[in-house]
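Participant: what follows is a predicted protein model with its sequence.
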Protein chains: 2
Amino acid sequence: MRAVTIQSDQSLKVEKFARPKARSGELLIRVEAAGLNRADLLQRAGHYPAPPGASDILGLEVVGRVEAVGEDTSRFKAGDRVCALLPGGGYAEYAVADEGSVLPVPEDMSAADACCFPEAVFTVWANVFDRAGLKSGEAFLCHGGTSGIGVSAIQMARLMGASKVFATAGTAEKCVLAETLGADRAINYKSEDFDVVIEEAGGVDVILDMVGGDYVARNIKACRPDGRIINIAYMDGFKTEVDFLPVMIKRLSLMATTLRARPNEEKRRLRDALEAAIWPHVMDGTLRPVLDSTFVLADAHSAHARMQSGAHSGKIILMMH
Amino acid sequence: MRAVTIQSDQSLKVEKFARPKARSGELLIRVEAAGLNRADLLQRAGHYPAPPGASDILGLEVVGRVEAVGEDTSRFKAGDRVCALLPGGGYAEYAVADEGSVLPVPEDMSAADACCFPEAVFTVWANVFDRAGLKSGEAFLCHGGTSGIGVSAIQMARLMGASKVFATAGTAEKCVLAETLGADRAINYKSEDFDVVIEEAGGVDVILDMVGGDYVARNIKACRPDGRIINIAYMDGFKTEVDFLPVMIKRLSLMATTLRARPNEEKRRLRDALEAAIWPHVMDGTLRPVLDSTFVLADAHSAHARMQSGAHSGKIILMMH
């Protein structure tokens, strides 16, 4: 099969690989589409190695058809159209996934559209709902509101009954998109101070952040009492001075997680929960896929360049054929 | 009635006050004993003002008998022996408490012994169990292991099935006490690096901290994946640089709370939960009161000096008579 490898000079190259085999509990998927994630850029740069046992091939999510099932699987069969969260190996014609990280995909949804969801829905569920516990009636702020994660987070918060949804984005067009997706108020972080806007609007209960740096202090400012701030990345830096006085006075929680390194059983637990709460809205089309662009596998470097530029809105997808 | 007031030079003085009245939902308690808390020292120094509506008189917990009941109370009646968590007003012959912050006290337990529990049990429950969610089978580290909070936290973690309980303390004698109360391993922080000891022992899932400062980074080091660090004070400083990389990689939560400013309904919810899980062990004597010393009301300044010195182990109590 063809798959993308990282060369020693960090360039990407399509090479021939042996097709992987489904081990016990796994499915072999014939990949139609693979999603890009910012973690792929970090891994390519050498900062986010694959966890033990995972493929060295890039790619954390795919859409395709089940080609073969390993022992001790029960739910899916060859030919089923599925999407999957992967610990690696997605930029390839075939990929293996733990059955507990797999979800069904409607027959009539394009592979590129379907591939907008797996990593985003898993990540938002695991962080905003499972860990930070956003409840119906609470207010939510999503940074990176038009990122692949953000476009799902805004819609999911709305679906789950958030009282108010704020989003940040870097252009007027992106702010319009965020509001179209359900944000009550999108804040252009280049022209407005989000923490001031949100504090004046009464604050929020949960913040999903991937910026870090000085956003740590500004998120604390934007939180209501008993608020939860959850980071899935720290693009502006991991190290920052924190004043814990307002954290204590407002009884806040500063949380951070990654998804990739979690055990399979934990991913299965998350899959089961999000399948009950969110996935019906994917299957019936309520949750809108926001597709930025597609690239063929051999053009993965251009797909990475687009993500690196930050010009995209929604998901960037690699097509196998 | 007599009560302790803070003079403009921060000295303490016993003065005459009108006896407070039980408003709707409140009980008037004839106080036998009032507990000292570190927050009292902060309030005296002007750093921790009473929340709106609370008495300016110091004191966050008392033991005594119900003298009168306000309207819309139902559970307690005049003559009942009780303890109460207060937003203020405890260093006095009479105090009012919201009925949802009151718990029964055995007739045969001394007032000083009974007064070892209310603030400590509320605080440990609210932080270690309710917010940080310490579960049976998880490992726990309690800083300040022989503080009024610590002596209850060690015992409560043990009762609730913690797999391993660590505590820090500043003398060999205090370490012995912490281990007598149920700590598997007490660490003298003056001669050992707690973070190294605990990391080598496999880490902990929940940490109760009141130190802050460089303990923030050291707590992060001592935590296992999915660990929760919860602060009830930052005696070594609120401001510190945090490296969020290990927070993210280990999927940690950094939390902090105060109890005093929470709404009465929230305190009632906590009271109901801790009464079910912990209070039976107070009533039957399983949870051991650790009384450091008692002082008469007029000697409150000596009680404060003892707490300030850090020489105490367990609770310092003011006796009304």
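Facilitator: Perfect, I can see it now.
Participant: contacts, neighbours, all on C-alpha from now
Facilitator: Noted.
Participant: near chain B, which residues of the stretch 151-300 of chain A are found?
Facilitator: A:231-234, A:238-245, A:247-258 (Cα under 8 Å from any Cα of the partner chain).
Participant: show the average pLDDT along the host helix or strand of A:A186.
Facilitator: Assigned by DSSP states H and E, A:A186 belongs to strand A:185-188. Strand A:185-188 carries an average pLDDT of 98.
Participant: give me the contacts around stretch A:172-188.
Facilitator: A:145-146, A:151, A:154-155, A:158, A:164-171, A:194, A:313 (Cα atoms under 8 Å, 6 or more residues apart in numbering or on different chains).
Participant: I'd like the distance from that stretch to the chain centre, please.
Facilitator: 19 Å (Cα atoms, centre = their mean, to the nearest Å).
Participant: grab the nearest non-local neighbour of A:L85.
Facilitator: A:E61 (4.6 Å; Cα to Cα, 6 or more residues apart in numbering or on different chains).
Participant: next, the contact list for that neighbour, please.
Facilitator: Contact partners of A:E61, counting by Cα under 8 Å, 6+ apart, are A:34-36, A:83-86, A:88, A:90, A:115, A:118-119.
Participant: and the residue positioned nearest the centre of chain A, its phi and psi?
Facilitator: For chain A, the residue nearest the mean C-alpha position is A:A120 (2.9 Å; Cα atoms, centre = their mean). When read as degrees, to the nearest 10, the backbone of A:A120 gives phi -70, psi -50.
Participant: now swap in A:L141 and tell me
Facilitator: Per degrees, to the nearest 10, the backbone of A:L141 is at phi -120, psi 130.
Participant: ok, it touching A:F166?
Facilitator: Yes. When contacts are counted by Cα atoms under 8 Å, A:L141 is listed as touching A:F166 (4.5 Å).
Participant: who has more neighbours, these two?
Facilitator: The neighbour comparison of A:L141 against A:F166 (other Cα atoms under 10 Å in any protein chain shown) goes to A:L141, with 30 against 25.
Participant: any idea how far the more buried one lies from A:A178?
Facilitator: 12 Å (Cα to Cα, to the nearest Å).
Participant: quick check: neighbours shared by these two?
Facilitator: A:A167.
Participant: from what I see, the residue nearest to the centre of chain A and A:G148 are in contact.
Facilitator: Yes. Applying Cα under 8 Å as the test, A:A120 and A:G148 come out as touching, 6.5 Å apart.
Participant: all strands of the stretch 151-300 of chain A, in order?
Facilitator: Residue ranges of the strands in the stretch 151-300 of chain A, as given by DSSP state E, counting those that start in this stretch, are A:164-169, A:185-188, A:204-209, A:223-231, A:239-243, A:253-256, A:291-296.
Participant: got a markdown table for those strands, with distance to A:L274 too?
Facilitator: Listed next are the strands of the stretch 151-300 of chain A as a markdown table, based on distance: least, Cα to Cα, whole Å:
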| stretch | distance to A:L274 |
| --- | --- |
| strand A:164-169 | 20 |
| strand A:185-188 | 26 |
| strand A:204-209 | 17 |
| strand A:223-231 | 18 |
| strand A:239-243 | 32 |
| strand A:253-256 | 19 |
| strand A:291-296 | 21 |
